[in-house]
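Trainee: Fold the stuff below for me.
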Amino acid sequence: MSPKTMRLLAKPMLFAAALIWGTSFFIMKNALDVLPVFFLLAIRFTAGAVLLALVCIPRWKQFTPDYIWRGAVMGGFLFLAYSVQTFGLALTTPSKNAFLTAVYCVIVPFLTWAVVKTRSDRYNIIAAVLCVTGVGLVSLNEGLTINSGDLLTLLCAVFYASHITAVAKVSPGKDISLLTVFQFAFTGLYAWICGALTETFPVGALADPQVYLPLAYLCVMATTVALLFQNVGQVWSDPASASVILSLESVFGVLFSVLFYGDPVTPRLLMGFALIFVAVVCSETKFSFLHRPPAPAAQREPVNKCTP
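Mentor: Prediction:
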């Protein structure tokens, strides 16, 4: 596809990734009830690497050895983010976990400025602050205490921001789909190693047919499709805007809870959605529609000059 087409598709891809992750929350929770964290991640990303490698067969001719270390770096940050978030979820509430993870959209503009030397404008920073405030209104309950699970989730936000920055740093000039294959492969490898060292392989759980459908959804949609969409969408947009859009994952999770589980719609929830909407508009348009363009020279009023 042409660069113009890819730039047009970038933001819809990021929205689609956030939407898929928002729907996968309940599936992930059910899978974690029977599968250990590291082995669940190992299965997800190994399957994702195999699926994407098959899809990318025509692209393998572009392979060069540096794809390996680039994929290892991207996979390392992704593995750390997923692992720490999952352990944090076990020690705090899902709503606080979602909100604190979304803090990465505030970190990304400053991290990319430091690492990639891409300075974000004031609209990106305003959008990030508005987005985190909105996600807080949507996700948090009345208890705002900080515990060990909250601290782990904040660390997860740093790793997610690092992952987005790493993609921006190491992906230029490379085929992003092929690079994502190596990212998945290394994420899976790190998870297999940690699982072998700390967990027992869930033979009994994998023998249960009820696990297959949610596991297939996690492997195909929440891993292969969503993360590929994130990487491709981010390559063709700026990291700050991408982080704001991707943070909508927690909002979609709450929205599906309202639609399918009957969670109550409160004024605070509506205010949170409104702030997030404004944040996205700010990030994507920089409120350009509010700036009146100067009138053409032919239509301007002539300046009266006094004659001597």
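Trainee: Enumerate the positions of stretch 180-200 that are buried.
Mentor: 180-192, 194-195, 199 (16 or more other C-beta atoms under 10 Å). The C-beta positions use only the backbone N, C-alpha and C, and glycine is treated the same way.
Trainee: Next: stretch 168-175.
Mentor: Ala168, Lys169, Val170, Ser171, Lys174, Asp175.
Trainee: could those be laid out in CSV, adding distance to Leu248?
Mentor: Shown next, in CSV, are those (distance: C-beta to C-beta, whole Å):
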residue, distance to Leu248
Ala168, 19
Lys169, 24
Val170, 25
Ser171, 22
Lys174, 27
Asp175, 27
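Trainee: Inside helices: which ones of those?
Mentor: Counting by DSSP state H, those place Ala168, Lys169, Val170 in helices.
Trainee: mind checking pLDDT for the second one?
Mentor: Looking at Lys169, its pLDDT is 89.
Trainee: Buried by neighbour count: which residues of stretch 121-138 qualify?
Mentor: Those would be 123-128, 130-132, 134-138, for stretch 121-138 by 16+ other C-beta under 10 Å.
Trainee: could I get these as CSV with secondary structure and distance to Trp21?
Mentor: As requested, the buried residues of stretch 121-138 are arranged in CSV below (DSSP: H, G, I helix; E, B strand; the rest coil; distance: C-beta to C-beta, whole Å):
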residue, secondary structure, distance to Trp21
Tyr123, helix, 25
Asn124, helix, 22
Ile125, helix, 24
Ile126, helix, 25
Ala127, helix, 20
Ala128, helix, 19
Leu130, helix, 21
Cys131, helix, 16
Val132, helix, 17
Gly134, helix, 17
Val135, helix, 14
Gly136, helix, 19
Leu137, helix, 20
Val138, helix, 15
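Trainee: need those residues in TSV with pLDDT, can you?
Mentor: Output for the buried residues of stretch 121-138, formatted as TSV (pLDDT from 0 to 100):
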residue	pLDDT
Tyr123	79
Asn124	75
Ile125	81
Ile126	84
Ala127	80
Ala128	79
Leu130	84
Cys131	78
Val132	79
Gly134	79
Val135	73
Gly136	75
Leu137	77
Val138	69
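Trainee: just the ones in helices among the buried residues of stretch 168-175 now: which is nearest Ala72?
Mentor: Nearest to Ala72, judged by C-beta to C-beta, of these is Val170 at 9.8 Å.
Trainee: For Val211, see how far away the residue nearest to that closest one when sequence neighbours are not counted is.
Mentor: Closest residue in space to Val170, ignoring its immediate chain neighbours: Arg70 at 4.3 Å, by C-beta to C-beta, 6 or more residues apart in numbering. Distance from Arg70 to Val211, counting by C-beta to C-beta, to the nearest Å: 33 Å.
Trainee: Among these two, which residue is more densely surrounded?
Mentor: Arg70 (21 against 17; other C-beta atoms under 10 Å).
Trainee: Give the buried residues for whatever helix or strand that one lives in.
Mentor: Using DSSP states H and E, Arg70 maps to helix 66-89. Buried positions in helix 66-89, judged by neighbour count with 16+ other C-beta under 10 Å: 67, 70-89.
Trainee: So what touches that helix?
Mentor: Residues from elsewhere that reach helix 66-89, judged by C-beta atoms under 8 Å, 6 or more residues apart in numbering: 32, 37-38, 41, 45, 97, 100-101, 149-153, 155-156, 159-160, 162-163, 166-167, 170-171, 174, 178-187, 189-191, 194, 227.
Trainee: how about 6 Å then?
Mentor: Contact with helix 66-89 is made by 37, 41, 97, 101, 149, 152-153, 155-156, 159-160, 162-163, 166, 170, 179, 182-183, 186-187, 190, as judged by C-beta atoms under 6 Å, 6 or more residues apart in numbering.
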